[in-house]
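Visitor: got a structure for you, letters missing:
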């Protein structure tokens, strides 16, 4: 079988969830920085929020504190509201400019 | 200790989630990105199930993977953007900087988490939540040093744990308590049940609850208003 | 009326006159009468106050002292200077002279400035000058005296350059001010040294300190007095800072009379007499003073021999007579020097006003070669001028005789004096007699060389009354200081007794016989020179016109004032200007300006480059935020 050290390493604990959450969050950050499509950026933000939710729930379980799940409840709600409003804005922008590529919107230059 | 099935499941699904998330970012077709994001969210809901959070898991599936992602897909399809309009990630100095930035963040987060992990191997009682063996779990004693252990321990928690026999929902659940690994099986009054969550929500967080519902109302109104407008610099009056 | 009120009115009356004439009277009013009356009235009120104060003072006992405090002015650490004024025997005489002669000159100016476009300005400046001079004389500490010192320098500049539209006159004013300023630096250094040595600059405190001739004190005292003397050379036109006074003749003649004969130039002498105890304790300085005084007297008199502008002759004469005064105080005869100050004020002011009358009558002609025979055409002017001439050459009974002789006797006999000084002084007296007689001969006597189209007229009463008053003073002014040997002890030397308690008197070490001899020699020399001048210029004018050709080199040298101005220009002024220009071009423009431009360029460049960060790409902004977050997290977690 696997050596004991490895088993100890692989046996799931809080830290595994934290690492996973960190990874997902970083990937989301990378998506926000890199992608040009406004919708995909919004999706990356959703990814980040999900990673945070995972963090909360993991802490809630391993800290024996249901407050974490209550947090998730709120985050989820707000994320949904934000996604809807963000998409509404994206639709409005598309209606006007026929583009959602953010490299076309650099009016803040200078 | 040995690897439980739960561990293997975790690692498998973690790999799926990670790869799926990476694909969200690296695929150039927004539809594909949306679909893989939906997959990621679904996998996350599995994790929530594993973490004794059934309500959250279901909510994740319903709200996120169900409503939000459908919304995203609908909007993407509405735009009907062709693939060639999408961006291909090209290497440039700025891109390098972004990669480095994201990598730094990732390294930081993972490193901090990992440190907790390796410390955990050496010392069971660490600041980060210690890994407790199922059989070592003794609900009568307070858990060692959780950093944000609340001053007022959850009444339901201690009550439910101290008194395994007290059961709100009824007697049949008691039988399940005989199973040694308590945290992998859920029962209504135990940690993670909807009842306990809702008790918290409506007592301690009732104000936030109400505020969030107000927020939802505002978001609805805002979205409708945005959808109604002609967009851009068109005059408002017709 | 209390003395405090009198002092206040004395000081403020000319100042208020200045304000009225300067700001309230319409400047373009051609008639000088209104402005002139205001000015003269202000001056006259001051004179009445001065006379009253003088009378009050003489009524006091041994310690004659009137002290008036306006307000506490400065008190910084140990340094204390109040706005306080002190009337004591010395300053009482000074204020009488200043306000008395000043009022006469104000009256005269009403007539003289009759055709000037801006008479109100003139009278305003004259009143301002009077105010500053009074502050100088009455101030009870060195700092307040310096305020007046600077103030009269300013007024001198304003008045010399009164017709500043003429660039020559304007530059004459500037020359006066700058030269004065150089002297003022010396004055300030002396003030500082006195404060450092004694801890106070108040005259009464200083006079009470007894100076024992310890070696430790002499050094600082000598240095301080030398610095103060440098200031005096600037103000009182001694070598090397006399160069401004001849040029100052560019101003109106009443200005020359008031400032450059009677009052301002005497400020240096006054300062030394005021601090006589200090100077008496520094023999080295006294020697320097006497030597410079004698040299200046001789030097200026030699230049005056050959000048042709009537005012320039009088200017060099003033420099020369001031040299006499310094010679007097330099040998310890403070009273004698002060006496000569007083008599000189009378007869020199008289002669300047008379010259002004002549110029006025000759329709602005100042070259004496174009005059002659004016005695018949301007009788009053001639008559009064005669008194002045007799006084300055030292005719017995006239005021100049008593004062000049006293100085010469002290130069001979004082422990600080020497026979050499006396010889120089005697020769200078001879030269004085010569050039003054020459002036008389060429201006008033002999045949008329006046151009035919010039209608010579006598001046109006407004101008001649002051002349007459001053003429009388030139005669009787000396009778307050009759030396003992002449009067045989029957007539007291009033001035000496008046100043007895406040002025140190270094006794003469000589016998009465020597005194008679020196007196006789000087009178004889003066008479000889006067007669020879008369002979040459009236009887043998052709011979005189031959002389310049025979002694061409000497003539050119002396006629051009020994080229002193040119020497200064080449050795001092041009190098300084070149240096300034060089510094400006190389240091200011190239280094300092470059540095400031560099700084601004750096800032601008940084801004321009940082501006590139704002390119409108929101994702880059997010990247910056991310970097910031990572750094902060690391920072927080590393603790």
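Guide: Noted; the coordinates are in hand. What you see is a predicted model; the values in this text were computed from it and never measured.
Visitor: contacts and neighbour counts: CA atoms only from here.
Guide: OK.
Visitor: tell me what the helix or strand containing residue C:343 is packed against?
Guide: Residue C:343 belongs to helix C:334-361 when assigned by DSSP states H and E. Here helix C:334-361 touches helix C:89-112, helix C:253-257, helix C:267-274, helix C:310-330, helix C:379-393, helix C:399-413, helix C:461-476, helix C:494-498, going by 3 or more Cα pairs under 8 Å, 6 or more residues apart in numbering or on different chains; DSSP states H and E.
Visitor: how far off helix C:310-330 does it point, in degrees?
Guide: Taking axes from the mean of the first three to the mean of the last three Cα atoms, to 10 degrees, one finds helix C:334-361 and helix C:310-330 inclined to each other by 180 degrees.
Visitor: lowest-confidence stretch among the helices and strands packed on helix C:334-361?
Guide: Ranked by mean pLDDT, the helices and strands packed on helix C:334-361 bottom out at helix C:494-498, which scores a mean of 77.
Visitor: could you check the pLDDT of the residue in the stretch 201-350 of chain C positioned nearest to chain B?
Guide: In the stretch 201-350 of chain C, the residue that lies nearest chain B is residue C:227 (73.5 Å; Cα to the nearest Cα). According to the predicted model, the pLDDT of residue C:227 comes to 93.
Visitor: could you measure from residue B:22 over to chain C?
Guide: From residue B:22 across to chain C, the span is 19 Å (Cα to the nearest Cα, to the nearest Å).
Visitor: number of nearby residues for that residue?
Guide: Applying other Cα atoms under 10 Å in any protein chain shown, we find 22 residues neighbouring residue B:22.
Visitor: can you check residue B:215 too?
Guide: 16.
Visitor: now do the one 10 residues further on
Guide: Residue B:225 sits with 12 neighbouring residues when counted by other Cα under 10 Å.
Visitor: same check, this time on residue C:11
Guide: Residues lying near residue C:11 (other Cα under 10 Å) number 25.
Visitor: wait, it sits on residue C:136?
Guide: No - applying Cα atoms under 8 Å as the test, residue C:11 and residue C:136 come out as separate, 10.8 Å apart.
Visitor: so for the lowest-mean-pLDDT helix or strand in chain A, what gets flagged as buried?
Guide: One helix or strand of chain A scores below all others by mean pLDDT, DSSP states H and E: helix A:4-10, with a mean of 76. Residues of helix A:4-10 classed as buried by neighbour count (16 or more other Cα atoms under 10 Å in any protein chain shown): A:7, A:8, A:9, A:10.
Visitor: now those residues as JSON lines including distance to chain B?
Guide: As requested, these are exported to JSON lines (distance: Cα to the nearest Cα, whole Å):
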{"residue": "A:7", "distance to chain B": "6"}
{"residue": "A:8", "distance to chain B": "7"}
{"residue": "A:9", "distance to chain B": "8"}
{"residue": "A:10", "distance to chain B": "7"}
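Visitor: quick one: which of those residues is nearest residue A:86?
Guide: Residue A:86 lies nearest to residue A:10 out of these, by Cα to Cα, at 39.5 Å.
Visitor: so what pLDDT did residue 11 get?
Guide: Defaulting to chain A. At residue A:11, pLDDT is 84.
Visitor: oops, wrong one, chain B.
Guide: Model confidence at residue B:11, given as pLDDT, is 93.
Visitor: give the burial count for it, as a bare number.
Guide: 17.
Visitor: buried residues in the helix or strand that contains it?
Guide: In the assignment (DSSP H and E), residue B:11 maps to helix B:5-26. By 16+ other Cα under 10 Å, the buried positions in helix B:5-26 come out as B:7, B:10-11, B:13-14, B:16-18, B:20-26.
Visitor: which residues touch residue C:101?
Guide: C:258, C:262, C:345, C:346, C:349 (Cα atoms under 8 Å, 6 or more residues apart in numbering or on different chains).
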